[in-house]
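# Show me the folded form of this:
(chains A and B)
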Amino acid sequence: MRPFGYARVADADTAIATVREHPGGAFLAGGTTEVDLVRQNVLRPDLLVDINDLPLAGIEDRPDGGLRIGALARMSDVAEAAGVADRFPMLAQALLLGASAQLRNMASMGGNLCQRVRCGYFRDATSPCNKRDPGSGCAAIDGFHRGHAVLGTSDQCIAVHPSDAAVALVALDAMVRTRGPGGERSIAIDDFFLLPGDTPDRERALEHGELITAIEVPAVPVARRSVYVKVRDRASYEFALASVAAAIHVQDGAIADVRLALGGVATKPWRARAAERSLLGGPATPDAFAEAAGRELAAAVPRPLNAYKVELARRTIVRALTALAEDGR
Amino acid sequence: MSGSIGRETARVDGPVKVTGAARYSAEFPMPGLAHAQIVGARVAAGRIAAIDTAAAERAAGVAAVLTHRDLPEVAHVPLVPSLMGGPAPGETFFPMQDGTVHYAGQPIAIVVADTLEQAQHAATLVRTEYAEAPSVTTIEQGRRDAYEPEKIFGGFMPAQLRRGDVEGGMAAADVRVDAAFRFAANHHNALEMLTTTAVWDGDRLTLHDSCQGIKAVQLTVAALLGLSPSRIRVLTRFVGGAFGSKAMVWPHVALTALAARHVRRPVRLVVAREQMFTSCGHREEQEQRVRLGARRDGALTAIRHHKISLTSPFDDWAEPAFGAASQLYAAPAFEGVHRLVRGNTMTPTFTRGPGEAAGVFSLECAMDELACELGADPVELRLRNLTDVDPNTGHPWSSGGLAECLRLGAERFGWAGRDPAPGARREGNQLIGTGMSAAAYPVAFFMRTQRARARLYSDGTAVVSTAAQEFGTGMTTVLTQVAADGLGVDLRDVRLDFGDTDLPTAGSPVGSNGAMMVSAAVHNAATALRDQLIAMAVVDPDSPLHGAHPADVTVTGGRLALSGGAGESYQDLMERHRANDAEAIGSWDPPPLDTPYGLLTFGAQFAEVAVDADLGLVRVRRMTGVFAPGRVLNPMTARSQLMGGMLWGMSQALLEGTRMDARLGRWANASLGDYLVPVNADAPDVDVALIEVDDPVTGPLGVKGVGEIGQVGSAAAIANAVHHATGHRVRELPITVEQLLPHLPVPAAARSATGRPAPPATG
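Numbers count the residues shown, from 1 in each chain, chains lettered A, B, ... in the order given. As a prediction, the model looks like this:
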């Protein structure tokens, strides 16, 4: 392991200032991905600033029906919080279908949003990878890309965003609260995650030394009946081949509200707005679901080994929406 | 026999393992210990144009950076399976002898430092420039240059096999099946990585090495380094899994010894997890084609079984496709051919059920296709073709049991009344199917003399010693049971001493042979000591047994007695003779290789799967396995091992595959995050049953072994169940979503989106 410094700080200002002072500095929260990547020589920090002592672990129900999740709240605590399971079942399910029990006990929510991609070429610290080593090329595009993205890709990078929880948060229009040298700000979660484009090394709309302090979920009444469906080769402890966070509200035979986001198939947690538009106001029928899914996946760019994901994602959307529609009858 | 054998006995190594007291090869503290890290080649073929170690040597804590420029010449040692008892390198190539690169991951430098982290960091500072050459790393790339080797599998299996008139048999067939199967490469992924700690004391070398055979390690390192085996001692009691990856002795062991000699300090090497994919062999990428001819009544008339696979630049290695697969059924004609493609990978090796895991899979999936063609029940088709003799030699089985396994398995599983129609059962979103397979795994007598020593103290307790090690199979438990029964004492009065090459010689427990061969030696040592003490008693005028015929004396609970009841304890006998202890050596020689018996362990496997009708996900719902492994020494550990094998079969069927990126010549998923093995949530209800068969050939106890038979046929039963569930044959392992998705019934809802017509209704 490459030698690096370690500092443990007790307040946000010191943490931010310390990372700012070091161009190779980074925050350390649960460390469940970061430590692996440091060990594998993929991340090469000069200094890790341990923020686990910061008072950012709270989970707070808001009177308006919203939710405030501290950046250091652990995945397992968020999944088990009563307000989450009742009002945002898609989020609780997404959390519980992620990682393993041990990792969920360690991993923080802020860290979950910042987790790095699982692309083997990124992680081997050797192959060409524009994300790890800008300009070196992308080994995945013509390589082993069975698990890679079909939506939001560029000719620079096709790595899939690995988070489950973020898919639900994107469906719920969460806001990411941050604090940085310029003070505090809120970023809509869909803007927080960046498409790879020509800069796949930039994954998030964060400045160096900008710290996530909380994730705010607004009141989303439709989410009370929501679901997270995750498709994977192994029954547990694996990333998604395709996943869907979905919520619908049907009134007088027509879809009055809908939320739909995809995981496992896109370079960022993917809000399925084309499908949502297709569904809104229409009937809650399998045909309508399939039509909507087809519209969302029309933009897909499949490659030889991941072409199946287009059909798989389509079918997973239909499965999730059908389950909700049947459940609501 | 009353006693320990055959009794459910919890593992004797359980307490030390769950309390952490069991010490593994990287857990021996010692003063001055240095840590090694191997640097692997980044390219698959070519040569090292330049290697700059200056930065690595300057890094903190670094004691040495060794490359091919520094290493002494190492002897060439032929590849011979460790079961045969001699030196057993995993490949004939030894790295760092020159600047040539034959495969990615090949060791090109070894870094030694004060701490593991320092060694890891310095390893990243070694700068290497390659003159890269084109590489071949897949069958497809080298198919045109495939060749037929003379021998395979470390030289102890012929590459071709022919019996009878295959052309005639095929011509006489009413029904023919022609099925081609593809198998991804597999890696073992034992929990404990390859680990060696090497300590020199003058010209004496002590090794702690995570291995399947300490004697093989001793003899291989001796041969490579030109040392006498008497100068090398290997101390390994516990090994955290192997699955064939540690059956052979890989270069890292001698490299660690050389590094320790260079830095004049003890050196510990733990091969990194990602390096485990290029350090201890693998199950090779392969294709098998099985052609069956059969009469309308189901009787096989001929079998053709061909395989093509990828091997290394140096060795003709293929796991045999048609060992058991040529022997299971009474087909009068058989033709088996192995073809090889030379590629830039390391030499493949024994991997969980070597040969049979893929070979029996191919045969048994083809048999399922034949059953469908004939409209025959798959179990009945197997029973129709059973044979009492090994069809390759005409010799009778040393013990059989396949028919009993098939019948009992069918009964336990509830096979009777199965609707054979594929794609006809639906529960909600799930398509349900069942499938079965026969199973067989060879018993081989390639080992040499096995030895053990039994010592009884005058307080009635015993120490039994043999050089074997415990690599997770439970062998030390069954050896303790066998020793207790042989001596006629209680299990708690026996301590097994093991894991030291200075102890009596035992071979590498590989190929499911451990329990059979080592227990034979332990049994012979223990009974020899018992007989020695009985002999002492019957000539002793002061003994109640004086004048008795030795054969009439039995020993239980440490008491020697006649059936009438007269007797005395070992303790009384020995104290009277002022004997503090008594000792005997036991040995066992395997039957000759041409022993006139067919030698297979038989079993039968059944599985039920649910396939998500929309998403293509396969989940195994339940499995039944029935096995006839000869004498069962310990039903508890035997069942556990067989269950583990069955789940490995499930893993082979649905999850495991190492994928080669042929452009880079490197494995593309060399991590446990990307190479999937099952987790508890994947494990279905597993029903394991045992049929005991008397075997007069396989040693004094008639043990055949349970190490690998559990995996054989398991994947075939699942693949056949997937066909039964969906109506689609996937002839490629692992079976994954994308192979099934295009063949699933198109859901009504998706029709408008895909524009595809709906298939016939199911359910």
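
# make it CA atoms for all contacts and neighbour counts henceforth
Fine.

# quick one, phi/psi of B:M30?
Note on B:M30: its backbone torsions stand at phi -160, psi 150 [degrees, to the nearest 10].

# Next, count neighbours for it.
B:M30: 11 surrounding residues under other CA atoms under 10 Å in any protein chain shown.

# repeat for B:P107
Neighbour count of B:P107, defined by other CA under 10 Å: 25.

# Name the residues linked to it by a beta bridge.
B:G40 (DSSP bridges).

# Show the pLDDT at it.
With respect to pLDDT, B:P107 scores 98.

# from memory it sits against B:R42, does it?
No: if you go by CA atoms under 8 Å, B:P107 and B:R42 don't touch, sitting 9.8 Å apart.

# Show me the common contact partners of these two, please.
Common neighbours of B:P107 and B:R42 are not found (criterion: CA atoms under 8 Å, 6 or more residues apart in numbering or on different chains).

# And the strands in the stretch 151-300 of chain B?
Under the criterion DSSP state E, counting those that start in this stretch, strands of the stretch 151-300 of chain B are mapped to B:151-152, B:157-158, B:160-163, B:175-183, B:195-201, B:204-209, B:232-234, B:267-270, B:286-294, B:300-311.

# SS state for B:P15?
helix (DSSP: H, G, I helix; E, B strand; the rest coil).

# So which residue is smack in the middle of chain B?
The C-alpha lying nearest the average C-alpha coordinate of chain B belongs to B:R352 (CA atoms, centre = their mean; 3.9 Å).

# that older thread, pick the most deeply packed of the strands of the stretch 151-300 of chain B.
Most buried of the strands of the stretch 151-300 of chain B, by mean neighbour count (mean count of other CA atoms under 10 Å in any protein chain shown): strand B:267-270, with a mean of 28.

# Determine the set of other helices and strands touching that one.
Helices and strands touching strand B:267-270, as assessed by 3 or more CA pairs under 8 Å, 6 or more residues apart in numbering or on different chains; DSSP states H and E, comprise strand B:34-40, strand B:195-201, helix B:252-263.

# Let me know which of those is tucked in deepest.
Mean neighbour count (mean count of other CA under 10 Å) peaks for strand B:34-40 among those, with a mean of 26.

# helices and strands around the helix ranked longest in chain B, which ones?
When chain B is parsed with DSSP state H, its longest helix is helix B:514-538. Applying 3+ CA pairs under 8 Å, 6+ apart, we find helix B:514-538 packed against strand B:450-457, helix B:475-487, strand B:581-588.

# Helix or strand next in line after the longest one, which one?
Once the chain leaves helix B:475-487, the next helix or strand it forms, by DSSP states H and E, is strand B:494-497.

# Show me what that next one is packed up against.
Using 3+ CA pairs under 8 Å, 6+ apart, strand B:494-497 sits against strand B:462-465, helix B:475-487.

# tell me the mean pLDDT over it?
For strand B:494-497, mean pLDDT is 98.

# ok, back up a step: please work out which of the helices and strands packed on helix B:514-538 is packed deepest.
helix B:475-487 (a mean of 28).

# what's that helix packed up against?
Secondary elements touching helix B:475-487 (3+ CA pairs under 8 Å, 6+ apart): strand B:494-497, helix B:514-538.

# Number of residues surrounding B:D13?
Around B:D13 there are 17 residues (other CA under 10 Å).

# Contact partners for it?
B:G474, B:T476, B:T477.

# and which of those residues is nearest to chain A?
Closest to chain A out of the contacts of B:D13 is B:G474 (28.2 Å), distances taken as CA to the nearest CA.

# what's the closest of the helices and strands packed on strand B:267-270 to B:R407?
Nearest to B:R407, of all the helices and strands packed on strand B:267-270, is strand B:195-201, at 44.7 Å by CA to CA.

# What average pLDDT does that closest one get?
The model assigns strand B:195-201 a mean pLDDT of 98.

# and that strand, how far from the chain's centre?
26 Å (CA atoms, centre = their mean, to the nearest Å).

# Tell me what angle that strand forms with helix B:252-263.
Interaxial angle of strand B:195-201 relative to helix B:252-263 (axes from the mean of the first three to the mean of the last three CA atoms, to 10 degrees): 40 degrees.

# hang on, the earlier thing: which of the helices and strands packed on helix B:514-538 sits closest to B:C405?
Among those, helix B:475-487 comes nearest to B:C405, with 23.7 Å by CA to CA.

# quick one: contacts of the closest one?
Applying CA under 8 Å, 6+ apart, the set of residues contacting helix B:475-487 is B:3-5, B:9-13, B:454, B:464, B:469-470, B:490-491, B:493-496, B:514-515, B:518-519, B:522-527, B:529-530, B:555-556, B:558, B:633-634.

# what's near enough to touch residue 302?
The chain I'm using is chain A. Residues in contact with A:P302 (CA under 8 Å, 6+ apart) are A:V150, A:Y308, A:K309, A:V310.

# let's do chain B instead
Going by CA under 8 Å, 6+ apart, B:A302 touches B:D165, B:V166, B:G169, B:M170, B:A173, B:L292, B:G293, B:A294, B:A331, B:P332, B:A333, B:F334.

# Cross the residues you listed against helices and list the overlap.
If you go by DSSP H, those have B:V166, B:G169, B:M170 in helices.

# any idea of the pLDDT on the first one?
It refers to B:V166. Per-residue pLDDT puts B:V166 at 98.

# That one reaches B:H305, doesn't it?
No: the pair B:V166 / B:H305 is not scored as a contact, 11.1 Å apart, by CA under 8 Å.

# overlap in contacts of the two?
Common neighbours of B:V166 and B:H305, using CA under 8 Å, 6+ apart, are B:F334, B:E335.

# Alpha carbons only: can I get stretch A:5-16 in CSV?
The C-alpha coordinates for stretch A:5-16 follow below in CSV (Å, rounded to 0.1, in the frame of the first residue of the first chain):
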residue,chain,number,x,y,z
GLY,A,5,-1.3,10.5,6.0
TYR,A,6,-4.3,10.0,8.2
ALA,A,7,-6.1,12.6,10.3
ARG,A,8,-9.1,12.2,12.5
VAL,A,9,-11.1,15.4,13.0
ALA,A,10,-14.1,16.3,15.1
ASP,A,11,-15.7,19.2,13.2
ALA,A,12,-16.7,19.8,9.6
ASP,A,13,-14.8,23.0,9.2
THR,A,14,-11.5,21.4,10.1
ALA,A,15,-12.3,18.4,7.9
ILE,A,16,-13.0,20.6,4.9
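
# residues of that stretch that come out buried?
Going by neighbour count (16 or more other CA atoms under 10 Å in any protein chain shown), the buried part of stretch A:5-16 is A:Y6, A:R8, A:V9, A:A12, A:A15, A:I16.

# List the residues that contact the closest residue to chain A within the stretch 201-350 of chain B.
In the stretch 201-350 of chain B, the residue that lies nearest chain A is B:E274 (8.8 Å; CA to the nearest CA). Going by CA under 8 Å, 6+ apart, B:E274 touches B:A670, B:S671.

# Against A:E34, how distant is it?
When distance is defined by CA to CA, to the nearest Å, B:E274 is 17 Å away from A:E34.

# residues near the nearest residue to A:E60 once chain neighbours are set aside, how many?
Excluding the flanking residues, the one nearest A:E60 by CA to CA, 6 or more residues apart in numbering or on different chains is A:R68, at 5.0 Å. A:R68: 18 surrounding residues under other CA under 10 Å.

# Could you identify which of the helices and strands packed on helix B:475-487 is most buried?
Mean neighbour count (mean count of other CA under 10 Å) peaks for helix B:514-538 among the helices and strands packed on helix B:475-487, with a mean of 25.

# Write out the residues of chain B neighbouring chain A.
Contact residues (CA under 8 Å from any CA of the partner chain) of chain B with chain A: B:42, B:117-118, B:120-121, B:614-615, B:617, B:654-655, B:659-661, B:663, B:668-669, B:673-674, B:676, B:678-679, B:681-682, B:736-738, B:741, B:748-750, B:752-753.
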